[in-house]
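1. what's the 3D shape of this:
(one chain, ligands or ions: 1)
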Amino acid sequence: MMPHNLLTPQVMGILNVTPDSFSDGGLFCSKDAAFKQACQMYEDGANIIDIGGESTRPGAQAISVQEELDRVIPVLSKIHAELPISISVDTSKATVMREAIAAGAYMINDVMALRGDNSLATVAASHDVHVCLMHIQGTPRTMQHKPHYDNVIDEIKTFLLERVQACLGAGMTSDHIMIDPGFGFGKTVAHNLLLIQQLHLLTELDYPVLVGVSRKSLIGHLLNKPVTKRLYGGLALAVLAVNKGARMIRTHDVAETVDALKITQAVLQQAE
Ligand code: YH5
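-> Prediction:
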């Protein structure tokens, strides 16, 4: 692999297509509004757009397969037809994965790291799709109920390497796999801070690391600010993550993140 500081960090723009979405309040739940948002993120310099139809916030309602398909697939098809940008789909459901791949998805971003059923890694392996494997302690419903680790970074590293092995065993190739420590998914503020501080222990593995901190409650706790006022805090964490070797940042704020990471990258790349 190339040394990470020679590769431009990538920006993944978040496109929520959930009516109950917590941080953009369902503003983009119709197909046209979602497409407009995708165009803006493309113009702002996003490298990939992550479409999510099911909210993973603590305590969110589960939705049916059909409901998730109805939210995600029309938007995905339109973006795929009209914008020259890669598309990722945030889902844990096999049917949504299959339909998303058929509609042109480049990556499956599964917060359950393809553990939903045994066939998921096989689905990915048989379709030349990329995957992002994320760590979570518990499930989205239970994850913030007293998260506990003896060694947070070690346990996450072990978990992610096990999930990588499962994907390789199912026939995926290593260049199609990304890993993600899952900020806020079964972690206290202290766990999240330690993960940033120790992130090199993940980025030194052979898989590119994705980091998603945008607007998360970690920032809210540290700054005592609501989701609408967490941009600068999120940028600080994104810069620190890239400085530690993260290769992709998942964010609601594409233009601002692109600028912050261009500066970060210029510093990391400057030769003596
Ligand atoms: C992630 O980190 N996160 S959905 C709570 C918020 C704001 C935002 C209270 N999907 C990740 O974005 N996929 C989500 O404020 C993800 N990595 C990957 N790979 C949660 C989210 C959010 C939660």
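2. residues in contact with whichever residue of the chain sits closest to the ligand?
-> Scanning the chain for the residue nearest the ligand gives residue 212, at 2.5 Å (criterion: CB to the nearest ligand atom). All C-beta atoms are positioned from the backbone trio N, CA, C, and that covers glycine. Residue 212 is in contact with 12, 180, 182, 183, 249, 250, 251, counting by CB atoms under 8 Å, 6 or more residues apart in numbering.
3. if you set the cut-off to 6 Å instead, what comes out?
-> 183, 250 (CB atoms under 6 Å, 6 or more residues apart in numbering).
4. from residue 64, how far out is it?
-> From residue 212 across to residue 64, the span is 25 Å (CB to CB, to the nearest Å).
5. would you mark the buried spots in the helix or strand hosting residue 192?
-> Here residue 192 sits within helix 189-197, counting by DSSP states H and E. In terms of neighbour count (16 or more other CB atoms under 10 Å), helix 189-197 has its buried residues at 191, 192, 193, 194, 195, 196.
6. cool, stretch 109-128 as well?
-> Within stretch 109-128, the residues that count as buried by 16+ other CB under 10 Å are 109, 110, 111, 112, 113, 114, 120, 121, 122, 123, 124, 125.
7. follow-up on the earlier one: can you list the buried residues of helix 189-197 in TSV and add pLDDT and distance to the ligand?
-> Output for these, formatted as TSV (pLDDT from 0 to 100; distance: CB to the nearest ligand atom, whole Å):
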residue	pLDDT	distance to the ligand
191	97	13
192	98	10
193	98	15
194	98	16
195	98	11
196	98	12
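8. for the helix holding residue 192, name the packing helices and strands.
-> With contacts taken as 3 or more CB pairs under 6 Å, 6 or more residues apart in numbering; DSSP states H and E, helix 189-197 sits against helix 217-223.
9. avg pLDDT for stretch 44-59?
-> When pLDDT is averaged over stretch 44-59, the result is 90.
10. can you give me the neighbour number for the nearest residue to residue 31 once chain neighbours are set aside?
-> Computed as CB to CB, 6 or more residues apart in numbering, the closest residue to residue 31 that is not its neighbour in sequence is residue 74, at 5.0 Å. Residue 74 is surrounded by 16 other residues when neighbours are defined as other CB atoms under 10 Å.
11. any idea how far residue 74 is from residue 42?
-> As judged by CB to CB, residue 74 and residue 42 stand 18 Å apart.
12. how about residue 95?
-> Noted for residue 95: a distance of 28 Å to residue 42, by CB to CB.
13. ok, those two, which is more surrounded?
-> Summary of the neighbour comparison: residue 95 and residue 42, criterion other CB under 10 Å, with residue 42 having more neighbours (18 against 13).
14. next one: the host helix or strand of that one to chain centre, how far?
-> Under the criterion DSSP H and E, the helix or strand holding residue 42 is helix 31-43. Per CA atoms, centre = their mean, to the nearest Å, the displacement of helix 31-43 from the mean C-alpha position of its chain is 18 Å.
15. which parts of it are buried?
-> Within helix 31-43, the residues that qualify as buried by neighbour count (16+ other CB under 10 Å) are 34, 35, 37, 38, 41, 42.
16. contacting the ligand as well, which ones from the residues you listed?
-> If you filter these for contact with the ligand, counting by CB under 6 Å from any ligand atom, you are left with nothing.
17. phi, psi for the residue of the chain closest to the ligand please.
-> When read as degrees, to the nearest 10, the backbone of residue 212 gives phi -120, psi 110.
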